[in-house]
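Chemist: Predicted model follows, preceded by the sequence.
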Protein chains: 2
Amino acid sequence: MIIGLDIGGTKLAGGLITPDAQLVERRERPTRAREGVDVSLGGVYALLEELAEAAKTHGTLDGVGICAPGPLDPKTGVIFNPTNMPGWVNIRLAEEVSRRLQVPCLVENDANGAGLGEAVFGAARGFSRVFYATLSTGIGTGIIFDERVYHGKNGAAGEGGHVSIDYRSPVRCNCGSIGCIEALASGSSIARRARERLSEYPQSKILSLAGTLEQITAETIARAAAGGDTLAALLIEETAEMLGAWLGSVVSLLDPDIIVLGGGVSRIGEPLFGRIREAVPRRTINPFAVNTPIVPAQLGKDVGIWGAAAVIRSR
Amino acid sequence: MIIGLDIGGTKLAGGLITPDAQLVERRERPTRAREGVDVSLGGVYALLEELAEAAKTHGTLDGVGICAPGPLDPKTGVIFNPTNMPGWVNIRLAEEVSRRLQVPCLVENDANGAGLGEAVFGAARGFSRVFYATLSTGIGTGIIFDERVYHGKNGAAGEGGHVSIDYRSPVRCNCGSIGCIEALASGSSIARRARERLSEYPQSKILSLAGTLEQITAETIARAAAGGDTLAALLIEETAEMLGAWLGSVVSLLDPDIIVLGGGVSRIGEPLFGRIREAVPRRTINPFAVNTPIVPAQLGKDVGIWGAAAVIRSR
């Protein structure tokens, strides 16, 4: 049995994964990290001990995998100081969990973990070279080779959200660089682009669907587009073209077996995927790009639990 | 002993590499592929047989590595139809060489081969994850992990020259995509940018140093810049910023141990490298980028011979 634990800004979610890849004993606790409240380490240990106890009725516990927001060091299992995790500074999480539960523990950042989860248990099962992206508030990505996360020299690889597609863009990314795909095509960037252009499209339904300017999300825009909204359709088209240019570059560089897209923006669905699939072959030199599958993630809201379990399973 | 053969647009160059990495028995023959004249397969076989004969005086021949312009299939050793190689269509080169010389033969594209050469014998010896780029008429790149070329799913990986840094650029690349770094910062792109702006800088010495507009190269611009030419200095600065944005994206994605830059444009030297080293950390989220070495290639004009030998050595 493996415990997979997903530490997020709004929830802790954990579960037991059986050797035949069934998720049993799923538990969830709210966290308030997004509101600036510390994620309690005590709460993390309590949930893990509860799951370890539950594991006894199923078999032997082989290890604990944890997905957490970066930056962190996957080699040592130390979590540095994630922006989303107030109060967490240089936490030696893997070591402490391993000491408490007397099993191996590995920690992985959320996007790498989600990518590994999809490669081992989800949409990319059986594919050797996987490029995974969570298109959410930000854009996190992971490169998975043969069911292992590619970490690079310093454990900092796989930050595809900070590949720039527009090096002279007026838009500066939170990371300090310019024209990163995260700063142009993430959920919050799509919402920003919507807000900037609403006055040009007074007939748009986006604002009334959202309620307030602040509540505009990729989901609002998807719903508006489905209802025939011109601005919403345009925003999706532009987003797909940007993501297509970005993934075209990834395909030129990595020639992956498959590309998996998850996260809230990916739930726009076919209007987005269809356009991305059309754009990528135009945006790469790779003549095989037309055959590279570009598919939605399969693991949904539990991707962090599955990903965390996959970290242990493929160690 | 290993034979390394470099098939290029203007020359065939081959040599014997000894087990202790000495290049002995170097031979060179002119080709006229750049002028549209077929590279004679007979000439390739004759040079290889000559080197195989010479190998007998040094020891046993263990294999033949060949670097050639792509597209080609490194797994089967079939060369498709390189633009630079008129008359070469689906040549089963590895198979034929292996049959003639009765030793293993492997074929690799020139940028991957050069990268592998630098990783095994040159500037990146001892580094696990190497990003190599030839900044020449075009921009060819190679990704080398643990002394092996990363080929991707279809053997088409490592085409970093077709990573786009400007997805809405007015400049369309030869590959059909938009804003590829090759279309903006290769030697021919730098020369094009110089020609486009000469009229704004009537005092520039670039044209008189080159002779004619067509003869402007990166080398002319480097010489002009060294002499205090304003336009030349500006072109180098812009080129470094573009290459910095591009390599910043590579560092975000791959977190390599080292970046090696070769080719004619790299011979601009410190005025280019200094600016690239300054730009990359600004252009990536990777906090370790300041420590990523960005160094000139070491193997010079024989990089194709060394690279070809490395293909056999690390097979």
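Modeler: Thanks, I have the structure now.
Chemist: can you give me phi and psi for the most centrally placed residue in chain A?
Modeler: The geometric centre of chain A, computed from its C-alpha atoms, lies nearest to residue A:134 (C-alpha atoms, centre = their mean), at 3.3 Å. Comment: the main-chain dihedrals of residue A:134 come out as phi -90, psi 110, following degrees, to the nearest 10.
Chemist: where does it sit relative to residue A:69, distance-wise?
Modeler: With distances taken as C-beta to C-beta, to the nearest Å, residue A:134 is found 12 Å from residue A:69. Quick note: C-beta positions are derived from backbone N, CA and C, even for glycine.
Chemist: if I look at the two, which residues touch both of them?
Modeler: Common neighbours of residue A:134 and residue A:69 are listed as residue A:110 (criterion: C-beta atoms under 8 Å, 6 or more residues apart in numbering or on different chains).
Chemist: The residue nearest to the centre of chain A touches residue A:263, doesn't it?
Modeler: Yes - Residue A:134 is within contact range of residue A:263, at 3.9 Å (criterion: C-beta atoms under 8 Å).
Chemist: what is in contact with these two at once?
Modeler: When contacts are counted by C-beta under 8 Å, 6+ apart, the set common to residue A:134 and residue A:263 consists of residue A:297.
Chemist: between the longest helix belonging to chain A and helix B:230-254, how many degrees?
Modeler: Residue-count comparison of every helix in chain A, with assignments taken from DSSP state H, identifies helix A:230-254 as the longest. Going by axes from the mean of the first three to the mean of the last three C-alpha atoms, to 10 degrees, helix A:230-254 is angled at 90 degrees with respect to helix B:230-254.
Chemist: Dump the helix or strand harbouring residue A:306 to CSV, restricted to CA.
Modeler: Element membership for residue A:306, per DSSP states H and E: helix A:303-313. Output for helix A:303-313, consisting of C-alpha atoms alone and laid out as CSV, is shown next (Å, rounded to 0.1, in the frame of the first residue of the first chain):
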residue,chain,number,x,y,z
VAL,A,303,-4.4,14.0,-9.5
GLY,A,304,-2.3,15.2,-6.5
ILE,A,305,-3.0,12.0,-4.6
TRP,A,306,-2.3,9.8,-7.6
GLY,A,307,0.8,11.8,-8.4
ALA,A,308,2.1,11.5,-4.9
ALA,A,309,1.6,7.7,-4.9
ALA,A,310,3.3,7.5,-8.3
VAL,A,311,6.4,9.3,-6.8
ILE,A,312,6.8,6.3,-4.4
ARG,A,313,5.8,3.7,-6.9
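Chemist: And the average pLDDT for that helix is what?
Modeler: Within the predicted structure, the mean pLDDT of helix A:303-313 is 96.
Chemist: counting contacts, what elements does that helix pack onto?
Modeler: Counting contacts by 3 or more C-beta pairs under 8 Å, 6 or more residues apart in numbering or on different chains; DSSP states H and E, helix A:303-313 packs against strand A:2-7, strand A:11-17, strand A:23-30, strand A:63-68, strand A:105-109, helix A:110-121.
Chemist: quick one: contacts for the single nearest residue of the stretch 101-250 of chain A relative to chain B?
Modeler: Distances from the stretch 101-250 of chain A to chain B, computed as C-beta to the nearest C-beta, single out residue A:152 as the nearest residue at 2.5 Å. With contacts defined as C-beta under 8 Å, 6+ apart, residue A:152 is in contact with A:158, B:129, B:254, B:255, B:256.
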